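Colleague: here's a sequence, model it:
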Amino acid sequence: MARVLVIGGGTAGTAAALALRKAGFEVTVHEAHPGSAEDLGAFLTLASNGMRALAQLDASAAVTALGFPLTSMRVLDDAGAELAQVPLGEAADPLLQFRCLRRGDLTAALQAEAARRGIPVRHGARLASVQEGADGVTAHFTDGSTATGDLLIGADGLNSTVRRQITPETQPCYAGQRVFYGYTGAAERSEPEARITMVRGSTAAFGYAVSPEGETYWFARVGGEPLDADAIADGSPAHWRELLVPLLRKDATPAADIVAAAGDEVMVTNATEIPAGTPWRSGRLLLIGDAAHAASPVTGQGASLALEDAVVLAKCLRDAPDTDTALSLYEELRRPRVEHNITVSGNISRGTQSSSPAGRPGTPPARPGEDRLIRLLEWESDILEERSAGNA
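Modeller: Prediction:
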């Protein structure tokens, strides 16, 4: 197996392409969006495990040039009293520090790195269908073009076309909260750099961090019925502010003032997840990232787990004796970890489980295999040997 088609040029897909190329495979990325990324306005946090995966791909420099680090976190209650202040992740290592950045910037940087390494990234290539044969798999695109490879990786996100080929009955589920996020230019400059504040509000969970330039990145998670697609599409920033600020005013925290000062960069989405147990494989097709295991954003692990996927998949294909063994090993290693994240995140979103200690972002409760993560991600280690050691 030498030729890999990657469907989706977001974090999961482009990182997988970088990892597969490093492992010696021929790979091409096919991205439906005509530019470098969709969802340009959203931001995310890469946790230390995600930054560790990037380091194994030799892609740290491309990402640490973006956004800003987060090295500590404080937690406030609904009265504004401080409940905790703790280091965040592997704060002492500049390479592994949490990083807050815009999703579109991350995607563009990874795609630029792929291009620098000679990996083709084809934009405007929207997948229509997939045809498997004895000797390969062919992707058919809506513009009439096709591409054939030995393996097709579906990294095409929550509404994955590849997933519909594998398990057409699977649908993303609402995870119990609406998520608002945005930016405020009039930040309090007294807020320490590299700190994120989490607010356990009476009606919403809120978080914010201030960039070195004085811009506040913020989010709010609010329970209730999901917003329909038309409401999300038609809603204006002013409408979302008017909906959110009165809820936040019930508490004596900075949250309401931060949102009230936001300009036009206010967005909303429904927290959504893929049900645990969803099939990831069919013949020469495999799902990774959000296409396989999207979760509520409570733990802030979506992008970081996608980066882990990329490294582990490439190592499985590199070290296993054949493709079927490699894909079985990949699923064995990844499914317990990512599905635990789906369960924990969904339970917190629905209010059936309290958040982890201090509710720290990017750090869900201990997952299966947590103590093995560093060894599994280490590029030079043989993943078959690590699997055997873990089962001993």
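Colleague: what about residue 124, distance to residue 143?
Modeller: As for residue 124, its distance to residue 143 is 7 Å (criterion: Cβ to Cβ, to the nearest Å). Any C-beta I mention is one placed from the backbone N, CA and C, and that applies to glycine too.
Colleague: neighbour-wise, which of the two wins?
Modeller: The residue with the greater number of neighbours, taking residue 124 and residue 143 and applying other Cβ atoms under 10 Å, is residue 124; the counts read 14 against 10.
Colleague: excluding chain neighbours, what is closest to the more buried one?
Modeller: By the measure of Cβ to Cβ, 6 or more residues apart in numbering, the closest residue to residue 124 outside its immediate chain neighbours is residue 34, 4.6 Å from it.
Colleague: any stretches of the stretch 151-300 of the chain with poor pLDDT?
Modeller: Counting by pLDDT under 70, the stretch 151-300 of the chain contains low-confidence residues at 186-190.
Colleague: the helix ranked longest in the chain packs against which elements?
Modeller: Secondary structure of the chain per DSSP state H: the longest helix is helix 323-350. Using 3 or more Cβ pairs under 8 Å, 6 or more residues apart in numbering; DSSP states H and E as the contact criterion, the secondary-structure elements in contact with helix 323-350 are strand 173-184, strand 266-273, helix 290-293, helix 302-319, helix 383-391.
Colleague: can you give me the buried ones in that helix?
Modeller: When burial is assessed from 16 or more other Cβ atoms under 10 Å, helix 323-350 yields the following buried residues: 326-327, 329-331, 333-335, 337-349.
Colleague: including distance to residue 161, could the helices and strands packed on helix 323-350 go into a markdown table?
Modeller: Written out in a markdown table, the entries for these read as follows (distance: least, Cβ to Cβ, whole Å):
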| stretch | distance to residue 161 |
| --- | --- |
| strand 173-184 | 18 |
| strand 266-273 | 17 |
| helix 290-293 | 9 |
| helix 302-319 | 17 |
| helix 383-391 | 29 |
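Colleague: residue 156 is nearest to which of the ones you listed?
Modeller: When those are ranked by proximity to residue 156, the top entry is helix 290-293, at 5.5 Å, counting by Cβ to Cβ.
Colleague: mind checking how far the host helix or strand of residue 128 is from the chain centre?
Modeller: The secondary structure element spanning residue 128 is strand 127-132 (assigned by DSSP states H and E). Its chain's C-alpha centre and that of strand 127-132 lie 25 Å apart, by Cα atoms, centre = their mean, to the nearest Å.
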